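Enquirer: coords below, sequence missing:
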């Protein structure tokens, strides 16, 4: 059984959930007091923290489901069962657990505390412990060495971002469809502006719309003529344009 000073830390990773136990508080205190960078010292860190349990995700779909839940500060059934199975049991005679569970996300810590009835911590100490656990995860967990952890992160990253932007891989022609739609919209806008030029300039020179049918030539003629009363005062060289 864990004593009153027991502290566990939950680590959510792309490969699965890991539960670590702090076995040497003095060592952890020294690590955090000396420098936060010393948490990455595997030799010192492994003396203070031990892996208690690791539960890998069985599929990419399960990994994505749990990643989405964690991002929304929710505890899934997978996480609930993992913690319930591996955390020390709470005595019936005791109203609260004799240990604390460290969770990086305060909102997720609240959800876990309400769901399991355990005391949760979320502070700088927990975040530094979790940082060290993540840095050395491939050493603590067999099977994650050789880049396996990075591959899991890459795969989950693609799936997570795809689900967030609602990208449909079956519609690889989306950019072409959007480009055609943009071209159609531009054509409509150009035609609208051309008709407005015809309509507005015709208030000043109504005969021109019957003489010049092409929209581009009409706009050029309107820009050249400007005031029709001065049309015949322009030089012959200018009219050649």
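Expert: Thanks, I have the structure now. Small disclaimer: the values here were computed from a predicted structure and weren't measured.

Enquirer: Below-threshold pLDDT in the chain: ranges please.
Expert: Counting by pLDDT under 70, the chain contains low-confidence ranges at 1-5, 26-38, 91-97, 165-173, 232-241.

Enquirer: how close does the most centrally placed residue in the chain sit to residue 132?
Expert: Nearest to the geometric centre of the chain sits residue 161, at 6.0 Å (C-alpha atoms, centre = their mean). For residue 161, the distance to residue 132 (C-beta to C-beta, to the nearest Å) stands at 27 Å. C-beta: built from backbone N, CA, C; applies to glycine.

Enquirer: One more: residue 79?
Expert: Counting by C-beta to C-beta - residue 79 and residue 132 are separated by 21 Å.

Enquirer: Where do the domain boundaries of the protein fall?
Expert: Residue ranges for the domains of the chain, per automatic domain parsing: 6-165, 174-239.

Enquirer: what's the helix or strand hosting residue 199 packed up against?
Expert: Taking DSSP states H and E as the definition, residue 199 sits inside helix 174-202. When contacts are defined as 3 or more C-beta pairs under 8 Å, 6 or more residues apart in numbering; DSSP states H and E, helix 174-202 packs onto helix 208-211, helix 215-225.

Enquirer: May I see those helices organised as CSV, with distance to residue 108 and mean neighbour count added?
Expert: As requested, the helices and strands packed on helix 174-202 are arranged in CSV below (distance: least, C-beta to C-beta, whole Å; neighbours: other C-beta atoms under 10 Å):
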stretch, distance to residue 108, mean neighbour count
helix 208-211, 69, 12
helix 215-225, 61, 14
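
Enquirer: Which one of those lies nearest to residue 157?
Expert: For residue 157, the closest of those is helix 215-225, at 49.6 Å, according to C-beta to C-beta.

Enquirer: Run the chain-centre distance for the closest one.
Expert: Here the centre of helix 215-225 is set off from its chain's centre by 51 Å, with C-alpha atoms, centre = their mean, to the nearest Å.

Enquirer: and what of stretch 125-138?
Expert: How far stretch 125-138 lies from its chain's middle: 21 Å, per C-alpha atoms, centre = their mean.

Enquirer: Could you tell me how many residues sit around residue 214?
Expert: 10 (other C-beta atoms under 10 Å).

Enquirer: If you could redo that for residue 188, that was the one I meant.
Expert: For residue 188, using other C-beta under 10 Å, the count is 10.

Enquirer: For it, give me its contacts.
Expert: Applying C-beta atoms under 8 Å, 6 or more residues apart in numbering to residue 188 gives no contacts.

Enquirer: hmm, who's touching the host helix or strand of the residue nearest to the centre of the chain?
Expert: Taking DSSP H and E as the criterion, residue 161 maps to helix 148-165. For helix 148-165, the surrounding residues in contact (C-beta under 8 Å, 6+ apart) are 13-15, 60, 63-64, 67-68, 137-138, 144, 167, 169.

Enquirer: Verify the stated contact: residue 79 with residue 16.
Expert: No - the criterion here is C-beta atoms under 8 Å, and residue 79 misses it with residue 16 at 10.3 Å.

Enquirer: follow-up on the earlier one: report the buried residues of the helix holding residue 161.
Expert: Of all the residues in helix 148-165, those buried under the rule 16 or more other C-beta atoms under 10 Å are 149, 152, 156, 159-160.

Enquirer: Likewise for stretch 112-125?
Expert: Neighbour-count burial for stretch 112-125, counted by 16+ other C-beta under 10 Å, picks out 112-113, 116, 118, 120-122, 125.

Enquirer: what do you get for stretch 54-69?
Expert: Applying 16+ other C-beta under 10 Å to stretch 54-69 flags 54-55, 57, 63-67, 69 as buried.
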